[in-house]
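Chemist: Only the shape, not the letters, is given here:
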Ligand code: TYM
């Protein structure tokens, strides 16, 4: 039996990378599986936190995830902070996780940058909380983009060590689900940098709230090289911007890059970009309209999140109790 668990940080807008890398898979997986999806608000406080902004971002992200197609009748949608099991299990797992393991986490190195001594303890321990998020629910599958793969491996290492140390088969080992063509959507301004909420240039990403004109403009201005598209995907090697745009087209139309190039190979970007812009608009525009509708009904958003939290608390309770008992607490 599958149990799907995943989360997203409520920091600003959702972008095309989040959507194609993760949320679209969430929506697809909820058709046939038991799913729990949450807003990782406890993770959001590990960097500078303005409470009023966070409160607004949480509602905005709830509206966005629902607009993207998460159906609260099928999936359990909630906020991490509403389910104390996340923070509790995180503390228990801090006894199992090793400092050497956390020292290898590339996301901490990127996010702390040059000021490592000044980073919060939470930013360092972040992956242990992520392991708790997953293990508390006995998740079997975790749909994420490629940048979360290392955190998933850590969650498996923590689960294995806990089970071994305490001689109990308590935690399941979760499998990451990473989409082939959209594992890592890159910035529109730099094909070697990930599309990201924290990039200062809004032109680097497509937001789910962008309207059709804005999307067409961003694709038109996207960085490219002067060569036409190749017919052979192997020739995208060394052309990161071309590779990214072909990957986006492939993901949006559920094809492989080879299939996209079979149709568009030989075209220049002047021809390819308007086509790409249109398929992006077709996907994003209906979502951005629904975001506005959900945003208008904050009471309904709060009701959905409260109901989700109640169900999530019930599902996590036996595993949390099992962890306390196994540790002699
Ligand atoms: P976050 O909020 O940064 O991103 C949410 C999801 O979007 C994916 N993603 C991308 N996929 C493809 N291309 C991109 N450019 C791109 N940018 C982001 C991420 O891989 C992620 O799946 N730590 C997590 C949140 C989290 C979580 C969890 C996820 C907390 N607990 C437990 C899974 C399970 C994060 O910061 O994702």
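Modeler: Great, that's in hand. What you see is a predicted model; the values in this text were computed from it and never measured. Residues are numbered from 1 along each chain as shown.
Chemist: Enumerate the residues of this structure near the ligand.
Modeler: 6-9, 17-18, 21-22, 40, 43, 130, 133-134, 142, 144-145, 147-148, 182, 184-185, 194-195 (CB under 6 Å from any ligand atom). Glycine gets a C-beta too; all of them are placed from N, C-alpha and C.
Chemist: Show only the entries of those found in helices.
Modeler: 17-18, 43, 130, 133-134 (DSSP state H).
Chemist: quick one: which of these has the most company?
Modeler: Within those, residue 134 tops the neighbour count with 30 neighbours, counted by other CB atoms under 10 Å.
Chemist: That residue: what's it in contact with?
Modeler: For residue 134, the contacting residues are 5, 142, 152, 155, 174, by CB atoms under 8 Å, 6 or more residues apart in numbering.
Chemist: now residue 320
Modeler: So residue 320 contacts 85, 88-89, 136 (CB under 8 Å, 6+ apart).
Chemist: Can you give me the pLDDT of it?
Modeler: Note for residue 320: predicted pLDDT of 98.
Chemist: for the protein, longest helix please?
Modeler: helix 298-326.
Chemist: in it, what counts as buried?
Modeler: 301, 304-305, 308-309, 312, 315-316, 319-320, 323, 326 (16 or more other CB atoms under 10 Å).
Chemist: Dump these into TSV; add distance to residue 52 as well.
Modeler: Shown next, in TSV, are those (distance: CB to CB, whole Å):
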residue	distance to residue 52
301	17
304	22
305	18
308	23
309	22
312	26
315	31
316	29
319	34
320	31
323	35
326	41
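Chemist: List just the nearest of these to residue 33.
Modeler: Residue 33 has its nearest neighbour among the buried residues of helix 298-326 in residue 315, at 13.7 Å by CB to CB.
Chemist: where do the helices sit along the stretch 51-200 of the chain?
Modeler: All helices of the stretch 51-200 of the chain, identified by DSSP state H, counting those that start in this stretch, fall at 51-67, 85-94, 99-103, 106-112, 121-135, 149-165.
Chemist: can you redo these as a markdown table with distance to residue 254 and mean pLDDT?
Modeler: Formatted as a markdown table, the helices of the stretch 51-200 of the chain follow (distance: least, CB to CB, whole Å; pLDDT from 0 to 100):
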| stretch | distance to residue 254 | mean pLDDT |
| --- | --- | --- |
| helix 51-67 | 21 | 96 |
| helix 85-94 | 34 | 98 |
| helix 99-103 | 36 | 98 |
| helix 106-112 | 29 | 94 |
| helix 121-135 | 27 | 98 |
| helix 149-165 | 22 | 98 |
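Chemist: so which of the ones you listed gets nearest residue 28?
Modeler: Across the helices of the stretch 51-200 of the chain, closest to residue 28 is helix 51-67 (CB to CB), at 13.9 Å.
Chemist: Could you name the helices and strands sitting against the closest one?
Modeler: Using 3 or more CB pairs under 8 Å, 6 or more residues apart in numbering; DSSP states H and E as the contact test, the elements touching helix 51-67 are strand 34-39, helix 41-44, strand 75-79, helix 269-295, helix 298-326.
Chemist: in it, what's buried?
Modeler: Residues of helix 51-67 classed as buried by neighbour count (16+ other CB under 10 Å): 57-67.
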